[in-house]
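Novice: my questions concern the predicted model and sequence given below.
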Amino acid sequence: MRVVAKDLLRLATIGSVDDGKSTLIGRLLVDTRQLFDDQLDAVVAASEKRGVGDLDLSFVTDGLRAEREQGITIDVAYRYAATPTRKFIIADCPGHVQYTRNMATGASTADLALVVLDVAHGLKEQTRRHLCIAALLGVHTLVVAVNKLDEVNWSQVAFQAVVDEIATIARDLEFGALTIIPVSALLGDNVVDQSSNTPWYEGPTVLDALEQSDAGAWTRSGHGARLPIQWVLRQPGGGRTYAGMINGDSLHVGDAVTLLPANIESTITAIHTGIGGCLEARVGLSVDVAISDETDAGRGDLLATAPLPTVTKEFAATICWFGDKPLVPGQRLRLKHTTKVTPTRVVAIEGVVDIATLEVNGSAELTTNQIGLATLQTADPLVVDAYRDNRVTGSFVLIDEVTNATVAAGMVGRASFL
Amino acid sequence: MTTTPLRPPRTADHLDLLESHAIFILREVIAECERPVLLFSGGKDSAVLLHLAVKAFAPQQLPFPVMHIDTGQNFPEVLAFRDAVVASIGARLIVAKVQDSIDRGKVADPGPMGSRNRLQTVTLLDAITEHHFDAAFGGARRDEDKARAKERILSFRDAFGQWDPRQQRPELWQLYQGKVNPGEHLRAFPLSDWTELDIWQYIEREEMALPTIYFAHERDVVLRDDMWLAVGPFVEPREGEVVERRMVRFRTVGDANCTGAVDSSADTLETVIDEVAIANVSERGATRADDRFSETAMEDRKREGYF
């Protein structure tokens, strides 16, 4: 067997406690033979030890002692699967509201959200909340597994009732692609193998849907190439190259680029990637590039092709606040955006998002796990795109100056559905 | 950088993207931290990690030292490989010895045949303190173990070196932030998203050298705890154990007395990859006694500050 070129899809799972999210991932891994015998044996042993039957597939991903003891998912578990043409990085995200920061961690780099819900209960509050966060984080594609069809006697009517509910919220949150699949994660129906229990369903299985979706979408925008400079490499003979990872769009030798925030126009003269010199480097590749002009460019600067990003020291943003104490106007924090770290201050808080109605209600503060709109001011200029145009140059985190903890996820601008 | 021939454009495959992500992480940590170090055991994962680190900063020298936590119970082939690789890239090698921790009375001596696996944590944390390292790169992968599957790419350690799995920092997008207060440090895992098969395919693509024990060879072994242990200075046959000469290879490289060999005839990269691709037992399950203590053996050790 030789190396077969695979692409790479990052997905995050979303779902309420008890809807069977971890079980679905477990099923996906078992049925694609991604779980080794000894790992499966360990799951069986853990299931028996806790008296939950022969095989509790949620133990595949709930790996921490506390998670197994309490029967909940606390933090993201990363799992890997592969088919002949695609590698999957699966972020199995926790459902509880107090672990929203961990769910956002898993969803922030996802190309796709795999939603699991119980056909008998439909969309729970927590699932709505997570769908809203996924939409805010720019996840474009939804694959929804409507689970536990075996418990409603494979009823198409029960399935259809949930379909309408999902279609409505997917439209409200402006997801780009939606696939809804009737499954039994416990029994494996329509997960990897087509089910004979749902003759009325002719769509793809969960694995089919994952294989057919757009991979690598999260850093690709088609809205100009961006190269945030991480590091300057000195070349033999005195030249310099600028190292970083390309996002937005491909970069080519000969491309006209602008160095920002200095606003110096130049041209790409060479590109070097992991496999050597290239004429073109695609999104997601780490490169170092040479440009035609001598500059004092360094870490925190950015090379961009048109349409150019904005240079700013004050901007409106959507904030997911994870800090223990409320975020209030006037508060000072550290901000990390691309490869730049700068002090920042909250100028104003415009309001807090009501997850259920998507309305923005006036509020002077954001409490833990709330999502709101705020205006921020930074000490140094940032080179930003709106988050909806570019998930890399449109995102930032806020950092507590004393503890160095990451206390917020931030997105430049405001989602159009808010 | 213009001396290599230009490659025609092609779609980036999973190895290109994994490599790029790892290089991105290496560069971020170097930029954000004051004194990083790369933990290098001579095993395949840390060999890939070191290879990526060299790539990330070429043509410049590696901007940090390489450190081996030496239990004194190594396979000689692995030590030879370690020294050859470090010499070839001109890196600075720090060897922190578990024996020194034993001699200083910081840990109890388990005896010549006893496992020093868990003792490494003390040696590692002491070395990090002694050299004032604020970040340590490791070659751990999330597919190895269920506790590792939960860990962040940049994993925070408090002033006691402990990992608190309930209080991990959010890690959003690829905004890896590495600031720590004095005494605290980070572990950075650039290979987090790689699987065992990815590692082998990458080794083949990059035509990397590896210690010879990864390839099938004849060796005297005894069966203990369902694993073939290599008979040598750290493993003597116990009563009732029969020494057999078998064709084996190692899937992981740890201490000689807790790393089992597997029956194999795979003596080339190509045949090893074929074997890994169809394996039905995980590499740690097949070969590591240190993970068999309990259901949460890895989590428990990681909480204490293990790799």
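Specialist: Yep, it's here. This structure is a prediction, so every number in the text was calculated from the model and none was measured. Numbers count the residues shown, from 1 in each chain, chains lettered A, B, ... in the order given.

Novice: just confirm residue A:387 contacts residue A:394, I think it does.
Specialist: Yes: with contacts counted by Cβ atoms under 8 Å, residue A:387 reaches residue A:394, the gap being 3.3 Å. Backbone N, C-alpha and C define where each C-beta goes, glycine included.

Novice: shared neighbours, these two?
Specialist: A:411-413 (Cβ atoms under 8 Å, 6 or more residues apart in numbering or on different chains).

Novice: could you pick out the buried ones from these?
Specialist: A:411-413 (16 or more other Cβ atoms under 10 Å in any protein chain shown).

Novice: and which of those residues is nearest residue B:145?
Specialist: Distance to residue B:145, by Cβ to Cβ, is smallest for residue A:411 among those, at 33.5 Å.

Novice: could you list the paired strands of the helix or strand in which the closest one is found along with their orientation?
Specialist: Assigned by DSSP states H and E, residue A:411 belongs to strand A:406-412. Its sheet considered, strand A:406-412 pairs with strand A:310-321 (antiparallel), strand A:395-399 (antiparallel) by DSSP bridges.

Novice: CSV for the shared contacts of residue A:387 and residue A:394, including pLDDT?
Specialist: Formatted as CSV, those follow (pLDDT from 0 to 100):
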residue, pLDDT
A:411, 97
A:412, 97
A:413, 96
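
Novice: which among those gets closest to residue B:137?
Specialist: residue A:411 (30.0 Å).

Novice: show me what contacts the closest one?
Specialist: Taking Cβ under 8 Å, 6+ apart, one finds A:136-138, A:317-319, A:387, A:394-396 in contact with residue A:411.

Novice: wait, residue A:14 touches residue A:113, no?
Specialist: Yes: applying Cβ under 8 Å, one finds residue A:14 in contact with residue A:113, separated by 5.2 Å.

Novice: overlap in contacts of these two?
Specialist: A:107, A:131, A:134.

Novice: now, among these, which is nearest to chain B?
Specialist: The closest of the shared contacts of residue A:14 and residue A:113 to chain B turns out to be residue A:107 (Cβ to the nearest Cβ; 9.2 Å).

Novice: now that closest one: how far from residue A:124?
Specialist: 17 Å (Cβ to Cβ, to the nearest Å).

Novice: quick one, phi/psi of residue B:28?
Specialist: The phi/psi pair for residue B:28 (degrees, to the nearest 10) reads phi -60, psi -40.

Novice: surely it is in contact with residue B:178?
Specialist: Yes: between residue B:28 and residue B:178 a contact is recorded at 7.0 Å, counting by Cβ under 8 Å.

Novice: higher neighbour count, these two?
Specialist: When neighbours are counted by other Cβ atoms under 10 Å in any protein chain shown, residue B:28 comes out ahead of the other of residue B:28 and residue B:178, with 26 against 22.

Novice: mind listing what that one touches?
Specialist: Taking Cβ under 8 Å, 6+ apart as the criterion, residue B:28 is in contact with A:230, A:339, B:174, B:176, B:178.

Novice: again, only this time at 7 Å
Specialist: A:230, B:176, B:178 (Cβ atoms under 7 Å, 6 or more residues apart in numbering or on different chains).

Novice: the last one and residue B:135 touch, don't they?
Specialist: Yes: taking Cβ atoms under 7 Å as the definition, residue B:178 is a contact partner of residue B:135 at 6.2 Å.

Novice: spit out the residues that contact those two alike.
Specialist: Residues touching both residue B:178 and residue B:135 by Cβ under 7 Å, 6+ apart: B:29, B:33, B:186.

Novice: which residues of the stretch 301-418 of chain A lie near chain B?
Specialist: Contact residues (Cβ under 7 Å from any Cβ of the partner chain) of the stretch 301-418 of chain A with chain B: A:322, A:336, A:339, A:391-392, A:395-397, A:399, A:404-406, A:409.

Novice: do that again at 8 Å, thanks
Specialist: A:322, A:334, A:336-337, A:339, A:341, A:391-392, A:395-397, A:399, A:403-406, A:409 (Cβ under 8 Å from any Cβ of the partner chain).

Novice: would you confirm that residue A:279 contacts residue A:271?
Specialist: Yes: assessed by Cβ under 8 Å, residue A:279 is found in contact with residue A:271 at 7.1 Å.

Novice: more crowded one of the two?
Specialist: Ranked by neighbour count (other Cβ under 10 Å), residue A:279 and residue A:271 place residue A:271 first, with 26 against 14.

Novice: let me know the secondary structure of the more buried one.
Specialist: strand (DSSP: H, G, I helix; E, B strand; the rest coil).

Novice: tell me the residues of the stretch 51-200 of chain B that contact chain A?
Specialist: B:55-60, B:142-143, B:145-147, B:149-150, B:152, B:165-166, B:168-175, B:177, B:179-181, B:192-193, B:195, B:197-198.

Novice: poorly predicted segments of the stretch 151-300 of chain B, please.
Specialist: For the stretch 151-300 of chain B, residues meeting the criterion pLDDT under 70 lie at B:280, B:284-296.

Novice: that older thread, can you put the shared contacts of residue A:387 and residue A:394 in a markdown table and add distance to residue B:252?
Specialist: A markdown table is the format used below for the shared contacts of residue A:387 and residue A:394 (distance: Cβ to Cβ, whole Å):
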| residue | distance to residue B:252 |
| --- | --- |
| A:411 | 41 |
| A:412 | 44 |
| A:413 | 47 |
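
Novice: out of these, flag the one nearest to residue A:166.
Specialist: Checking the shared contacts of residue A:387 and residue A:394 against residue A:166 by Cβ to Cβ gives residue A:411 as the nearest, at 24.2 Å.

Novice: next one: residue B:94 relative to chain A, how far apart?
Specialist: 23 Å (Cβ to the nearest Cβ, to the nearest Å).

Novice: if we can go back for a sec, the more surrounded of residue A:107 and residue A:124?
Specialist: Counted by other Cβ under 10 Å, residue A:107 and residue A:124 do not tie: residue A:107 has more neighbours, with 28 against 17.
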